[in-house]
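[1] here are the coordinates; sequence isn't available:
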């Protein structure tokens, strides 16, 4: 089979065409750097994504704080992870790097705070 991907790894945004059988990549063309082949191989075998979102803050100078995952998770689990993130409420003060959810869904990724929020 053949499939075209738009590589999202670097700013080039290459249109990469891959010929593959199942998860085995037979050939890759169109990538301007080696990262394109790595990206396509990952996408076919085990697509992963990171998440950036926000969590409610009680008693803070702002009502929300930005959060992100510490590592990529399987693409198929994004909605499961977001369901848990959306239920979180933390109390101010919070600081960059604070862990909101440790090892979310056993996926070896933590949800961490990316902004300082002091008490109101």
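    Here it is on my side, so go on. Bear in mind the structure is a predicted one, so any value in this text is a computation, not a measurement.

[2] tell me the domain boundaries of the chain?
    The chain breaks down by automatic domain parsing into domains covering 2-46, 52-113.

[3] how about these, which one is nearest residue 119?
    domain 52-113 (4.7 Å; Cβ to Cβ). Every C-beta, even on glycine, is put in place using the N, C-alpha and C of the backbone.

[4] any idea how many residues pack against residue 4?
    Look at residue 4: counted by other Cβ atoms under 10 Å, it has 11 neighbours.

[5] state the distance from it to residue 36.
    12 Å (Cβ to Cβ, to the nearest Å).

[6] can you map out the helices along the protein?
    For the chain, applying DSSP state H gives helices covering 34-45, 78-86.

[7] hey, which of those helices is tucked in deepest?
    Of all those, helix 34-45 carries the top mean neighbour count, a mean of 17, counting by mean count of other Cβ atoms under 10 Å.

[8] contacting residues around it?
    With contacts defined as Cβ atoms under 8 Å, 6 or more residues apart in numbering, helix 34-45 is touched by 5, 7-10, 14, 16, 18, 20, 23, 25, 28, 30-31, 48.

[9] and what of stretch 21-28?
    Stretch 21-28 is contacted by residues 1, 16-20, 36-37, 40-41, 44-45 when judged by Cβ under 8 Å, 6+ apart.
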